[in-house]
Every structure is written in C-alpha cells, then in structure tokens.
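Q: below are the sequence and a predicted model for it; my questions follow.
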Amino acid sequence: MSIDPDLEPLLPLDEVQGNILGGFNKDHQALLALGMPDSMPMPRAKQWLASLAAEITPLRAVHEFRRMRKRALRTEGIERLDMGSTWKAIAFSHSAIGRLTPDADQFTSTSFRAGLAGSAQMLGDPTTDRVLGSPSTWIVGADRNAADVFCIIASDNPDLVTQELQRLTDSARVAGFDLIYSEIGHDLSFYDGNDLRKGHEHFGFKDGISQPGVRGRVDESTFFTDRLIEAPQDPSEPSYASLGQALVAVGTFVLGYATQNATFGSLPGLPDPLAPAPNAVAPSWARNGSFLVFRRLNQDVPAFNRFVTEQAAALALPAVPANRLAALFVGRWKSGAPLARTAAADDPKLGRCTSANNAFLYALGLITHDGFPDSQPDFNGNQCPIVAHVRKVNPRDLPTDVGGGANETLPHRILRRGIPFGPPLPDGALEDEEHRPRGLLFLSYQRSIEDGFEFLSNRWMNSSRNPQSLVGIGEGFDMLVGANSQDPTRQRSCIMPATGQGMRLPTRGLQSSDWVYPSGGGYFFAPSLSALRDVLAR
Ligand code: HEM
C-alpha cells in the first residue's frame with residue numbers, strides 16, 4: 001500500500017500528549033488549576049514540572065490501551081478494561097510560558113495571549129459584574145483567579161483520581177504554587193441509581209459520539225484512525241474513515257503539520273495558504289503541541305426542562321412531546337440516535353449502535369445498508385432542524401456561510417474531551433430543591449483557538465443566521481448552548497419544523513434565555529513531552 005506521507009504523517013506517539021489525539025475517555029477526571037505567585041522562584045517551578053513530566057501520558061499509552069480494549073471486546077466481549085492506571089495531561093497559560101521561557105512573544109494568537117476572560121465579551125458571556133455567567137462570578141479563569149498551569153488526571157477508578165489529585169496538589173503547594181481550583185468530574189453513571197446515564201450529559205442526551213477522524217499513521221502501514229472506507233478517486237473530495245466520520249488533517253489539532261484547508265488532499269503537503277497567519281505562528285518547540293480550551297459550563301437543567309415542557313404544550317398543532325422538542329434542539333434523541341436517521345421517534349437501538357449512530361450527512365443523505373433508516377437529503381432541516389446543536393457545530397456536507405461544503409467545515413473541527421460535573425437530577429426534573437451546581441467541564445483541543453472553539457461559538461452557535469440560513473433573518477440560534485448577547489434580555493429564538501413530516505412552524509415563538517452559562521475556564525497550550533522536559537521544565 002502506498003501512503004502519501006504528507007497527507008498521513010507518522011505520528012510521534014511518544015511526543016504528543018495522549019489526551020490530545022487519543023482522548024482519555026475515562027469516567028473520572030480531575031482538573032487542577034495552579035497559579036505561579038509573582039514571588040515564586042522559577043527554578044522551583046521548573047523542578048516540580050520536571051518531576052511531573054515523567055508522569056504525563058503519551059499518545060502511545062492511550063493508543064495501546066485502546067488497541068487492547070478492542071481486542072478484548074472482540075475476543076472476550078469485555079466492554080471495559082480497567083488497567084488501574086491514572087493518566088495525566090498538562091497545559092500552560094500564555095503568561096506561564098512567558099515566565100518559563102523567553103519565547104512567549106512568538107505565540108501570536110491574540111486569544112491565547114489574552115486568555116479566556118479576554119474573549120468573554122466576544123463569546124457572548126454576560127459581562128456585567130456579579131451577573132451569572134460573567135467573569136466576575138467565575139471560580140477560575142477571571143483576571144483575579146486565572147490559572148498558569150492546568151492538569152488533568154483521569155482514571156477508571158474514582159479513588160485513584162482522588163488520591164492522585166491530592167498528591168499532586170500537595171506537591172505543587174510544597175513547590176510554591178497556589179491552588180486556584182480543583183474539581184473532579186464524573187460520568188453520570190457514577191452516581192447511585194444512574195447506571196443508565198452512562199455517557200450522557202445533564203440534559204439527558206448521549207454525548208461524546210461524533211469526533212473527527214484524525215489522519216496519520218502509527219507505523220509504516222497502519223493508520224491511527226481505523227479506515228473502513230476507501231479514499232475517493234477525486235482527491236478534492238472529502239474522505240471518510242467510517243460512514244459519517246470525515247478524516248481531518250492532524251495539523252488541524254496539533255501544531256507542526258499541514259493543516260486542513262479547502263484544498264487539502266488535492267494539494268498535499270503544502271502548508272495551509274489560507275490559515276490566518278497569526279494562529280499558525282508559535283515557537284519551533286510548539287511542534288506536536290495543541291491549544292486546550294477549558295470552559296466550565298453550568299447547566300440549569302430544570303430551566304431547560306421547563307422550557308421544553310411549556311413550549312411543547314403551546315405547540316398544539318400538531319402535538320409535539322417535550323422530549324421531541326428537546327431532541328430538535330440537539331439534533332439527536334436522548335439515546336444518541338440522530339434525527340437525520342430517525343426524525344419521528346427515538347430509536348435506542350440506533351443510539352447504541354456505534355457503527356450507525358454517526359452515519360449520516362445532511363445535504364446528500366447517506367445510504368448505509370445497516371438495517372436502520374438512511375439519512376435523506378435534508379437541506380431544509382425538515383428532519384434535523386437547521387438550528388440543532390449538532391448541525392450548527394458540524395454542518396457536515398452542507399454549504400455554509402464560509403463555503404461550499406465539507407472541505408470548508410473540516411478546518412473548524414475540534415477534539416472534544418469534556419466530562420460532566422455535579423450530580424444528575426432525575427430525567428425531566430422541573431425543580432431542583434438542593435440547587436447543587438452541575439454542568440459540563442468542556443475541554444477541547446485544536447490547532448487554533450480562533451478557528452476552533454471561538455469560531456464554532458461565535459460564528460455558528462451564537463448566530464441566528466450561520467452556518468445555514470433559508471430565510472432572510474436566519475433560522476435562529478443554537479438553543480441548547482448558543483448565546484444572544486446582542487439583546488439585553490439575552491433571549492434566543494429559532495424556527496424549526498414541528499414534525500418529522502416537514503411541517504414548518506412559521507413563528508419565532510420559541511424564546512429562551514440561557515440555561516447554559518460559564519462559571520470558569522481558561523486558554524492553555526499543551527506542549528509535546530520533549531518541549532515540557534527540555535524547554536518548559538529546564
Ligand atoms: C453544556 C454545554 C453543551 C452540551 C450540553 C452539549 C451537548 C452535546 C451533545 C448532546 C452532542 C451530541 C453527541 C455527539 O455527537 O457527540 C454534542 C455534540 C457536539 N458538540 Fe456540544 N454540547 C455543549 C457545548 C458545546 C460547545 C461549547 C461546543 C463548541 C464550541 C460544542 C461542540 C460540539 C461538537 C463539535 C459536537 C459534535 C457534532 C457532530 O460532529 O455531529 N458543544 N454536544
């Protein structure tokens with residue numbers, strides 16, 4: 001087999017951190033945010049980082065674990081392998097890099113330099129002091145509590161995560177770091193009586209289904225992402241690893257490689273001529289590193305449930321059950337089954353079927369021969385609304401405001417690595433007497449914060465017109481996560497088909513204010529293991 005090394009570079013498995021391209025995907029993950037006080041001597045910080053460097057998990061460990069798990073699943077039907085290990089990842093703020101190296105100026109991404117709070121207004125967050133969601137209320141990441149060093153500790157065993165978090169926190173304190181924030185996120189099945197909520201987020205929907213297929217090889221002839229589909233004859237056509245999972249250049253997630261652009265594939269090996277120059281620029285040691293966005297997003301579950309219940313009752317003709325309205329906002333049913341393949345009712349079997357639950361396209365539809373209904377061409381959003389969260393953030397093969405189809409959307413793909421925090425409420429709960437915080441510890445890796453997380457948030461989720469608009473004023477906002485900071489009431493509205501049969505609601509009556517709001521976060525850079533050892537910790 002001849003493989004184009006420009007399109008499919010050999011991935012340095014011992015260099016790239018495992019959480020970036022592989023994803024820890026563990027049920028228990030601790031986040032630890034540390035500050036470096038002005039008085040902290042850098043040699044002490046570096047000494048601590050040098051000892052931690054040996055514990056950071058490389059891509060090789062994650063990749064091999066995954067291979068073993070697949071084998072165990074095939075031969076013995078074992079779903080999960082608990083290796084009893086904890087995995088760790090690390091990342092640094094721009095100002096930390098400025099104290100640890102002379103090179104911080106070479107990172108020219110303005111968003112990275114300013115930090116998440118610097119982008120809050122642009123991201124549509126409330127900015128008035130003490131208003132929920134504004135940086136003044138954040139528990140990490142505002143000017144007064146911004147993190148310098150950010151660690152992730154992941155394990156299948158919650159006790160190990162707790163122990164490791166304690167050990168790391170204690171040693172960091174001894175070394176002179178300030179503890180700014182720490183928190184353990186758990187898969188919702190961790191909480192008593194919630195076994196069936198494994199992999200689901202707090203509104204009740206299965207999460208973590210659709211990820212880009214990362215290009216690249218682990219050895220001469222083995223691709224990193226399994227390839228179940230042959231490459232198209234025409235190199236300018238987008239390629240897919242499996243049905244519905246488009247392949248994306250590894251340079252879209254990790255620095256130092258050709259990035260995805262509209263002509264990637266037909267012009268192999270060329271550095272991306274369209275990449276906005278500021279984002280591509282970083283010191284040479286940044287190769288094999290990636291930008292990490294952390295956003296702590298609270299979810300007001302009763303507010304969401306009340307909204308869909310009340311609105312569903314109001315939409316009398318035809319009757320729309322609340323769970324269907326909620327599914328229309330997401331683009332998937334709670335089971336994970338995509339509306340593109342089953343618009344009228346949930347199909348839990350489809351939701352569970354990992355080879356089918358992501359096999360759909362919006363513009364052309366997709367024939368799958370897997371026993372489930374195929375996705376049909378759905379340009380008008382009759383099956384899956386134009387405003388549905390998953391369609392907003394990944395319009396797949398649809399033409400968008402930035403271009404003709406998949407090739408223009410792929411450069412904006414991100415690798416999501418988030419995990420829920422807080423205990424779940426019963427499914428469909430309309431009240432929360434205990435008022436315990438809950439939400440998503442959103443984490444994403446990308447080559448560029450501007451082209452990844454910020455693009456998806458500002459240009460698509462928070463826009464009433466983008467990425468696709470059939471009517472002049474636009475179809476509306478991403479009702480699940482988007483924000484409308486232009487309106488003082490922050491109300492969002494949308495137009496959506498009321499039934500799977502293509503009826504359109506000619507009303508802008510679906511209005512809401514935010515049920516997802518930020519309570520912290522940060523912008524970081526996750527270096528390669530050699531950069532950590534030889535540059536940041538030396
Ligand atoms: C509390 C906030 C959020 C919730 C509850 C949420 C929920 C979901 C759910 C249920 C899915 C479908 C499962 C899947 O395809 O993996 C999904 C997909 C996705 N979400 Fe979110 N999300 C949130 C925030 C965000 C944010 C902030 C972004 C990016 C800026 C984002 C980007 C994506 C992407 C890229 C997909 C995959 C779409 C696809 O490829 O089809 N989400 N989200």
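A: That came through, no problem.
Q: count of residues packed around the closest residue to Ser95 other than its chain neighbours?
A: Nearest residue to Ser95 in three dimensions, chain neighbours excluded: Asp148, at 6.5 Å (Cβ to Cβ, 6 or more residues apart in numbering). To be clear about C-beta, it is placed using only N, CA and C from the backbone, and glycine gets the same treatment. When neighbours are counted by other Cβ atoms under 10 Å, Asp148 registers 25.
Q: I'd say Asp148 and Ile97 touch.
A: No. In this structure, Asp148 is not within contact of Ile97 by Cβ atoms under 8 Å, at 9.1 Å.
Q: what's around the nearest residue to Gly208 once chain neighbours are set aside, how many residues?
A: Of all residues not flanking Gly208 in the chain, Gly199 sits nearest, at 5.9 Å (Cβ to Cβ, 6+ apart). Number of residues near Gly199 (other Cβ under 10 Å) recorded here: 16.
Q: next one: Thr127
A: So Thr127, with other Cβ under 10 Å, has 14 neighbours.
Q: contacts for whichever strand or helix holds Leu49?
A: For Leu49, the element it lies in under DSSP states H and E is helix 42-53. Applying Cβ atoms under 8 Å, 6 or more residues apart in numbering, the contact partners of helix 42-53 are 36, 88, 90, 99-100, 149, 151, 168, 171-172, 175-177, 529, 532-533, 536-538.
Q: following it, which helix or strand shows up next?
A: helix 59-76.
Q: and the pLDDT for the spatially closest residue to Gly476 that is not a sequence neighbour?
A: Among residues not flanking Gly476 along the chain, Cys494 sits closest, at 2.8 Å (Cβ to Cβ, 6+ apart). For Cys494, the model assigns a pLDDT of 89.
Q: tell me the contacts of Cys494?
A: 385, 387, 464, 475-477, 479, 508, 510.
Q: change it to 6 Å
A: Residues near Cys494 by Cβ atoms under 6 Å, 6 or more residues apart in numbering: 387, 476-477, 479, 510.
Q: swap in Gly351?
A: 335-337, 357.
Q: near the ligand, which residues of this protein are found?
A: Contact residues (Cβ under 6 Å from any ligand atom) of the chain with the ligand: 201, 203, 205, 207-210, 297, 299, 330, 332, 389-390, 393-394, 414, 416, 439-440, 442, 453, 456-457, 480-481, 516.
Q: tell me which of the residues you listed fall in helices.
A: Those of these mapping onto helices are 330, 389-390, 393, per DSSP state H.
Q: helices of the protein, start to end?
A: 18-21, 42-53, 59-76, 94-100, 110-114, 116-119, 158-175, 277-280, 301-314, 322-330, 348-352, 389-393, 406-409, 529-531.
Q: can you give me the separation between Ile171 and His28?
A: Not quite, residue 171 is Ser, not Ile. Counting by Cβ to Cβ, to the nearest Å, the gap from Ser171 to His28 is 20 Å.
Q: helix or strand with the lowest mean pLDDT in the chain?
A: Using mean pLDDT, DSSP states H and E, helix 277-280 stands out as the lowest-scoring helix or strand of the chain, at a mean of 47.
Q: please name the nearest non-neighbouring residue to the residue most central in space within the chain.
A: Nearest residue to the geometric centre of the chain (Cα atoms, centre = their mean): Arg416, 2.6 Å. In this structure, Arg416 finds its nearest non-sequential neighbour in Ser444, 5.2 Å apart by Cβ to Cβ, 6+ apart.
Q: just Arg324 next, same as before
A: Nearest non-adjacent residue to Arg324 (Cβ to Cβ, 6+ apart): Ala312, at 7.4 Å.
Q: where does this structure have low pLDDT?
A: In the predicted model of the chain, residues 1, 78-84, 262, 265-280, 316-318, 497-509 satisfy pLDDT under 70.
Q: ok, now with 80
A: The chain contains residues with pLDDT under 80 at 1-2, 6, 73, 76-85, 235-236, 261-281, 314-319, 471-473, 496-510.
Q: need the strands for it, in chain order.
A: Shown for the chain, the strands assigned by DSSP state E span residues 28-35, 86-92, 149-155, 178-186, 213-214, 240-242, 245-248, 290-299, 415-416, 419-421, 439-446, 492-494, 510-512, 516-526.
Q: redo those as TSV? Include distance to Asn323.
A: Output for those, formatted as TSV (distance: least, Cβ to Cβ, whole Å):
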stretch	distance to Asn323
strand 28-35	29
strand 86-92	36
strand 149-155	32
strand 178-186	25
strand 213-214	31
strand 240-242	28
strand 245-248	27
strand 290-299	17
strand 415-416	24
strand 419-421	20
strand 439-446	20
strand 492-494	18
strand 510-512	16
strand 516-526	19
